[in-house]
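Q: next one to model:
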Amino acid sequence: MERFLTVGQQVLALFILIFIGVICGKKGILQENAVRTLADLTLLIATPCVIVESFLREVEAEKLLWLGVAALAAVAVHLLSILAARLAVRDEKEARRRVLRFGVVFSNAGYMSIPLQKALLGEDGVLVGAAYLVVFNLVLWSYGLLEMSGDRRSLSVKKLVFNPGMIGLAAGLVVFLLPFPLPEVFAVPIRGLSALNTPLPMLVIGYYLGQTDLKQALRDKQAYWAAGLRLVVLPLLSLAGMWLCGLRGTVLVSCMIAVSAPVAAATTMFATRYGQDTALSVNLVSLSTLFSALTMPLIVGLAQLIA
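A: Numbering: from 1, shown residues only. Okay, the predicted model is just below:
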C-alpha cells in the first residue's frame, strides 16, 4: 500500500503543476504563443539536458547494459501498441481513425514520464528512460509520421536521427566517455536547464487542458476506448510481458512509467500539421491525462510491487 501512496503522491505533485497551468491559461497569464515557446524549450533544451545530466556521474558497466534492455523493451511495446491499434481501433472517418490509432500507440513518454522517473528512481530511472525515449522518437518520426500524414514522402532520415532524445543520449554518452569529469562551468547550466523539465511540460499540458471542451470530450465513446487501451490494456500487457521476460528493478519500473503515461501531446501537434481531426486529438489527450491521475499510480505501483 505504501508503494501505491508514494507513486500517487508524485503523480499528484505533477497534477498540481498541471492545475496551475489550467489557472494560468484561464486567467490569461499564459498565452498560446508563450505556451508554444515553453513547449519548444522543454522539447529542444530541457529534455536533452535531463538525459545528459543522468550521465554526469560514474555509471557502472551493468547500468550501461540497461540501455540496451530498455531499448529492446521499448521496441516490443511499440510493436504491441501498433498491432493493438490496428486491430482494436475502428472508425468510419479516416481523420478520426488516424488520430485514435496514433493516440493508442504513443504515450506521453517525454513530458509526463521523465519527471516521474526522476522523482521515483533518480538518475538511474532517467538513464533507462533516455533509452526508451530514443526508440519512442524513432517510431514517432517513422510510423507515427506515416500514420498521421498517410504519405511516405513525409518520412525523413534527418528527423529520425536528429531528434531531441537521440541528441541527448549521444551527448550524454560523449560526456560519459570523457577521460575527466565534465567541468562544473558546463555541468551547472546543464543541471539548471534539466530542472525545467518538470514544471514547464506540466504547465503546457495544463494550459491545453484548460482550453478543452471537457463536456464534448466526455461524450466521445471512441475516445474512451482509445484512452482505455492506452492507460490500462497496453500497460498491463506490457507489464506481464516484461516480467515474464525477466525484467526487474529499475529497468522494469522506469519502462512502465513510460508505458503507462497518457496519450502523447504530439498527437495534437501531428493532427494539426497534417489536417486530421484536431478537436478529437485535444479531447483524447485531455481525457487520458485526467484519467491517468488514477491509472498511473496503480500501474506503476504494481510494477514496483513485482519488481
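
Q: how about the residue most central in space within the chain, phi and psi?
A: When Cα atoms, centre = their mean is applied to the chain, the residue found nearest the centroid is residue 109 (1.3 Å). Per-residue torsions, residue 109: phi -70, psi -20 (degrees, to the nearest 10).

Q: surely it touches residue 264?
A: Yes. In this structure, residue 109 is within contact of residue 264 by Cβ atoms under 8 Å, at 7.1 Å. For the C-beta atoms, the positions are set from N, CA and C on the backbone; glycine is no exception.

Q: which neighbours do the two share?
A: Shared contacts of residue 109 and residue 264, defined by Cβ atoms under 8 Å, 6 or more residues apart in numbering, are absent.

Q: can you show me the helices along the stretch 201-307 of the chain?
A: Assigned by DSSP state H, counting those that start in this stretch, the helices in the stretch 201-307 of the chain fall at 214-217, 221-228, 234-244, 249-259, 266-273, 278-306.

Q: out of those helices, nearest to residue 170?
A: Checking the helices of the stretch 201-307 of the chain against residue 170 by Cβ to Cβ gives helix 249-259 as the closest, at 19.6 Å.

Q: so which elements touch the closest one?
A: helix 61-88, helix 113-139, helix 234-244, helix 278-306 (3 or more Cβ pairs under 8 Å, 6 or more residues apart in numbering; DSSP states H and E).

Q: contacting residues around the following helix or strand past the first one?
A: Remark: after helix 61-88, the chain's next helix or strand is helix 94-105, criterion DSSP states H and E. Counting contacts by Cβ under 8 Å, 6+ apart, the residues outside helix 94-105 that touch it are 78, 81-82, 84-86, 88-91, 139, 143-144, 147-148, 150, 222-223, 226-227, 229-230, 234, 263-264, 267, 270-271, 275-277, 280-281, 284-285, 288.

Q: could I get the average pLDDT for helix 94-105?
A: For helix 94-105, the mean per-residue pLDDT is 94.

Q: for residue 102, see how far away residue 226 is.
A: 9 Å (Cβ to Cβ, to the nearest Å).

Q: can you tell me the closest non-neighbouring residue to residue 29?
A: residue 23 (7.9 Å; Cβ to Cβ, 6 or more residues apart in numbering).

Q: what is the neighbour count of residue 267?
A: Number of residues near residue 267 (other Cβ atoms under 10 Å) recorded here: 29.

Q: what's the pLDDT at it?
A: pLDDT for residue 267: 88.

Q: what does the one 3 residues further on give?
A: Here the pLDDT value assigned to residue 270 is 84.

Q: how about the contacts made by it?
A: Residue 270 neighbours (Cβ under 8 Å, 6+ apart): 102, 144-145, 148-149, 276, 281.

Q: which one of those is nearest to residue 14?
A: residue 281 (21.3 Å).

Q: what about that closest one, distance to residue 234?
A: Taking Cβ to Cβ as the measure, residue 281 falls 18 Å from residue 234.

Q: of these two, which one has the most company?
A: residue 281 (29 against 22).

Q: now for the protein, the helix or strand with the poorest mean pLDDT.
A: helix 214-217 (a mean of 73; mean pLDDT, DSSP states H and E).

Q: hmm, who's touching it?
A: Against helix 214-217 from outside (Cβ under 8 Å, 6+ apart): 223, 279, 282-284, 286-287.
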